[in-house]
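Asks: What follows is a predicted structure for the sequence shown.
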Protein chains: 6
Amino acid sequence: MSVWPILEDDEMPEAARAVADDIRQTRKTDFVNNFWRVLANDPALMKRTWESLKEVMGPGELDPLVKEMIYIAVSVSNACDYCISSHTASARAKGMSEAQFGELLSVVGMASETNRLASALQVPVDEAFKQSPRAPNSPKGE
Amino acid sequence: MSVWPILEDDEMPEAARAVADDIRQTRKTDFVNNFWRVLANDPALMKRTWESLKEVMGPGELDPLVKEMIYIAVSVSNACDYCISSHTASARAKGMSEAQFGELLSVVGMASETNRLASALQVPVDEAFKQSPRAPNSPKGE
Amino acid sequence: MSVWPILEDDEMPEAARAVADDIRQTRKTDFVNNFWRVLANDPALMKRTWESLKEVMGPGELDPLVKEMIYIAVSVSNACDYCISSHTASARAKGMSEAQFGELLSVVGMASETNRLASALQVPVDEAFKQSPRAPNSPKGE
Amino acid sequence: MSVWPILEDDEMPEAARAVADDIRQTRKTDFVNNFWRVLANDPALMKRTWESLKEVMGPGELDPLVKEMIYIAVSVSNACDYCISSHTASARAKGMSEAQFGELLSVVGMASETNRLASALQVPVDEAFKQSPRAPNSPKGE
Amino acid sequence: MSVWPILEDDEMPEAARAVADDIRQTRKTDFVNNFWRVLANDPALMKRTWESLKEVMGPGELDPLVKEMIYIAVSVSNACDYCISSHTASARAKGMSEAQFGELLSVVGMASETNRLASALQVPVDEAFKQSPRAPNSPKGE
Amino acid sequence: MSVWPILEDDEMPEAARAVADDIRQTRKTDFVNNFWRVLANDPALMKRTWESLKEVMGPGELDPLVKEMIYIAVSVSNACDYCISSHTASARAKGMSEAQFGELLSVVGMASETNRLASALQVPVDEAFKQSPRAPNSPKGE
């Protein structure tokens, strides 16, 4: 059971309903998932989270499916069941094949294993990896 | 200081040297990084880890650069400094632009934030996300 | 299903029942929650955990509600569903408003995001933050 | 060494310099810490992160010092050394005594311990904690 | 509900069925648990994971029960409910007493607590712990 | 640099010095490591932590070396560099061979990998693992 109620549109504070409308419009769907319906109880939190998410997951340097897969990788690492479910569904909707999902899992599994080995053995960073910091060239057109 | 010594090739047990040779050949470079030189102290662990990694990071369903970015996302989530350094270097070597890196970071950051919100609020998974399980169709040619 | 049984008072070993009594007395309630009823299967572990918790969560330098909110922040970061539920209930019982809870979540979310950004970018600690260590002045009346 | 360079003000893209100016004005100090100087390489990421942080850490339902302590609790749980350093410095600047810091650490430590015990024992959530969800009453004046 | 279907033997691709047979033979039981039945949807992932696991959990330097307890400790730290359940069952099957389990939990709890204290206080590693790296003497007969 | 100073014995508050003396006596050594010398700034926290640790790591159901290895497994999972260093040193002092350490690492690595796979695939717990809870028989002589 969620800590805050799952709000139907007509139960939402007005500021939250406007966010829900923007979610529908941006995603071109009538469906607004529970995450947002719960966040709607705190319209300021809902609005800030949605606006950041919309910007981050919108058109940019990376393919939208790649971003969903990165999102899954993080959600698995943080053991967030809700987020694994919702972003696996999103990735499938964006065309992720099950074979791609298997490969994503393989990478997440290997990384989790070698991360722990490197930490446990306290491997010092190679000189070759201490590259001079590189400034992005005008990222995002700035 | 690493827990085990960083072995030069001529200090490695024979079984480890064979793995080091395969790393060089597979990666088409003379460089073998410290992670492997430390693991070389336990040739069975080194061999098993390398063979899995070679298979996982080799040609498959996902672009090699996408795999490196997923690797970075997991390494950041696990706070593994060595792995962040080594896989950021690998990703750059495979063509990751700094603008892409910035977008990768943006996704990792957003996912970390929303993961915690969803867990804290105990949001129940939407029925729409409870898809019937899907079998991959003959993944990887099986 | 819990790994150990949830013990009613009359099923508890004597040493555990004494701890349960102290929990009731300290909290001024008849209710002893499942966490303790399961731990009661190992009275030494139950006793040590309770005595530490009683000391830590008892009167001190921080407001009891602040401590509950810190407890929630850690439980969310560790993805412990039971602990999120129990400490959210405790915090509400101690007067946490839902608006305060929303702000707590906002801080936890932001911290999770910036933690990952700082780790990924390997930002070096500013000289200004390398303050000389400060000795607490006689903490807790020592 | 940071992955991106630590930019002086005159090296920042214009959009980043505007954020740096807002940081100085908001915090009423000339000091802009490395986290922002590194993020400045991606002005869109810097701007979004700062605007969210400014809103979250600004005046609200919780005491500013309480928010800093929650930030520390999360940063410790995520093993983010930079964030522990920077937010411990901020908390001290906002008046945190060393005795309060000791108590904060005590709570973080206890929570980490009991989180793991509850997870390991798979303690089911008490009926008493399955409270009906509560809607915040007009949080933040909405 | 699992993301991929839980395959009966006759639904598995041939390569997966061979792995399932090896699991039965190695473990001397007819029972193949859900973890493998789900992984069977990606035979390459299933095979690689099983072969590594068989090698790691097979006869070696550490007692099989000790390995199961280490497995539980990691699974608790990663909040993996499935793995806690399956490896607690395995450890019991290998003779773990409930009193030993209680002591395992006590160590996991204490480590979780002191880990956070050491990180928060940024305790520098003692010179005495900076031992020269030690090469294992011919580990595993190499 | 530690957040609190590393106290020499004659700088410690009296209550902390008594704990330091007990550490020396219990461990039969003159050496008190930095973790305790920093905690000594908050004698109540130091005392509570030491007394719990002494009880947990003292004689019991598990071999002292096994307990150290479990401690390392948790510390690696929590990415606590100090704790990895100090407990690896302790385990070596208690007789851990480098080959045993390699096997410990192998188990930690495998568990980290399969934990993430099980979480990502949302594998449901097998009925066979839903054992009836078992009460420990008189743990620790109660």
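Replies: Alright, I've got the coordinates.

Asks: Stretch A:27-46: which residues count as buried?
Replies: Within stretch A:27-46, the residues scored as buried using 16 or more other C-beta atoms under 10 Å in any protein chain shown are A:32-46. C-beta here means a position set from N, CA and C on the backbone, and glycine is covered the same way.

Asks: among those, which are within reach of chain D?
Replies: Filtering the buried residues of stretch A:27-46 for neighbours of chain D using C-beta under 8 Å from any C-beta of the partner chain leaves A:41, A:42, A:43, A:44.

Asks: out of these, which are inside helices?
Replies: A:43, A:44 (DSSP state H).

Asks: Help me confirm that residue A:114 comes into contact with residue B:86.
Replies: No: Residue A:114 lies out of contact with residue B:86 (C-beta atoms under 8 Å); the separation is 9.3 Å.

Asks: coming back round to it: among the ones next to chain D among the buried residues of stretch A:27-46, which are in reach of chain C?
Replies: Answer for these near chain C (C-beta under 8 Å from any C-beta): A:41, A:42, A:44.

Asks: list the contacts for residue A:37?
Replies: Residues near residue A:37 by C-beta atoms under 8 Å, 6 or more residues apart in numbering or on different chains: A:6, A:7, A:8, A:12, A:20.

Asks: ok, and the first one, which helix or strand is that part of?
Replies: Counting by DSSP states H and E, no helix or strand carries residue A:6.

Asks: For it, give me its contacts.
Replies: With C-beta under 8 Å, 6+ apart, residue A:6 has these contacts: A:34, A:37, A:38, B:123, B:124, D:133.

Asks: Give me the subset of the residues you listed that lies in strands.
Replies: Applying DSSP state E to those, no entry is found in strands.

Asks: In helices, which of the residues you listed fall?
Replies: Reading helices off the contacts of residue A:6 with DSSP H, I get A:34, A:37, A:38.

Asks: do you know how far the first one is from chain E?
Replies: Taking C-beta to the nearest C-beta, to the nearest Å as the measure, residue A:34 and chain E are separated by 16 Å.

Asks: Nearest to residue E:16 among the ones next to chain C among the ones next to chain D among the buried residues of stretch A:27-46?
Replies: residue A:41 (45.4 Å; C-beta to C-beta).

Asks: I figured that closest one hits residue A:11, correct?
Replies: No: counting by C-beta under 8 Å, residue A:41 stays clear of residue A:11, with 9.3 Å between them.

Asks: what residues are shared contacts of these two?
Replies: Taking C-beta under 8 Å, 6+ apart as the criterion, residue A:41 and residue A:11 both touch residue A:5.

Asks: quick one: terminal-to-terminal distance for stretch A:21-41?
Replies: 15 Å (C-alpha to C-alpha, to the nearest Å).

Asks: Just the mean pLDDT for that stretch, thanks.
Replies: Stretch A:21-41 comes out with an average pLDDT of 97.

Asks: again with stretch A:124-135
Replies: Here the average pLDDT along stretch A:124-135 is 84.

Asks: Torsion angles phi and psi at residue A:80?
Replies: phi -100, psi 100 (degrees, to the nearest 10).

Asks: List the buried residues in the host helix or strand of residue A:85.
Replies: Per DSSP H and E: residue A:85 is located in helix A:81-93. Within helix A:81-93, the residues scored as buried using 16+ other C-beta under 10 Å are A:81, A:82, A:83, A:84, A:85, A:86, A:87, A:88, A:89, A:90, A:91, A:92.

Asks: Give me the mean pLDDT for it.
Replies: Computed over helix A:81-93, the average pLDDT equals 97.

Asks: right, is the next helix-or-strand element following that helix up against chain D?
Replies: Using DSSP H and E, the helix or strand that follows helix A:81-93 in sequence is helix A:98-121. No: using C-beta under 8 Å from any C-beta, helix A:98-121 stays clear of chain D, coming no nearer than 9.8 Å.

Asks: what angle sits between helix A:98-121 and helix F:98-121?
Replies: Relative orientation of helix A:98-121 versus helix F:98-121 (axes from the mean of the first three to the mean of the last three C-alpha atoms, to 10 degrees): 150 degrees.

Asks: the inter-axis angle of the helix holding residue A:85 versus helix E:81-93?
Replies: Angle of helix A:81-93 versus helix E:81-93, following the same axes, to 10 degrees, is 120 degrees.

Asks: quick one: helix A:81-93 near chain C?
Replies: No: judged by C-beta under 8 Å from any C-beta, helix A:81-93 stays clear of chain C, getting no closer than 8.8 Å.

Asks: send the alpha carbons of that helix over as PDB?
Replies: In PDB, the C-alpha atoms belonging to helix A:81-93 read as follows (Å, rounded to 0.1, in the frame of the first residue of the first chain):
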ATOM      1  CA  ASP A  81      11.200  -3.000  -8.000                       C
ATOM      2  CA  TYR A  82       8.700  -0.400  -9.100                       C
ATOM      3  CA  CYS A  83      11.300   1.300 -11.400                       C
ATOM      4  CA  ILE A  84      12.500  -2.000 -12.800                       C
ATOM      5  CA  SER A  85       8.900  -2.900 -13.800                       C
ATOM      6  CA  SER A  86       8.000   0.500 -15.200                       C
ATOM      7  CA  HIS A  87      11.200   1.100 -17.200                       C
ATOM      8  CA  THR A  88      11.300  -2.500 -18.500                       C
ATOM      9  CA  ALA A  89       7.800  -1.800 -19.800                       C
ATOM     10  CA  SER A  90       9.000   1.500 -21.300                       C
ATOM     11  CA  ALA A  91      12.000  -0.100 -22.900                       C
ATOM     12  CA  ARG A  92       9.900  -2.800 -24.500                       C
ATOM     13  CA  ALA A  93       7.500  -0.200 -25.700                       C
END
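
Asks: Can you tell me which helices and strands that helix packs against?
Replies: helix A:34-39, helix A:64-77, helix A:98-121, helix B:98-121, helix F:98-121 (3 or more C-beta pairs under 8 Å, 6 or more residues apart in numbering or on different chains; DSSP states H and E).

Asks: which other residues reach that helix?
Replies: A:33-35, A:65, A:68-69, A:71-72, A:75-76, A:101, B:111, B:114-115, B:118-119, B:123-126, B:128-131, B:134, E:3, F:119-120, F:122.

Asks: Tell me the buried residues within the residues you listed.
Replies: For the contacts of helix A:81-93, a burial check counting by 16+ other C-beta under 10 Å picks out A:33-35, A:65, A:68-69, A:71-72, A:75-76, A:101, B:111, B:114-115, B:118-119, B:123, B:125-126, B:129, E:3, F:119-120, F:122.

Asks: For residue A:57, which residues are in contact?
Replies: Counted by C-beta under 8 Å, 6+ apart, residue A:57 has contacts A:64, A:67, B:107, B:110.

Asks: now it: how far from chain E?
Replies: 21 Å.

Asks: Check residue A:131 too.
Replies: On the measure of C-beta to the nearest C-beta, residue A:131 and chain E end up 26 Å apart.

Asks: For that residue, identify the helix or strand it belongs to.
Replies: Using DSSP H and E, no helix or strand contains residue A:131.

Asks: In contact with it, which residues?
Replies: So residue A:131 contacts B:89, B:92 (C-beta under 8 Å, 6+ apart).
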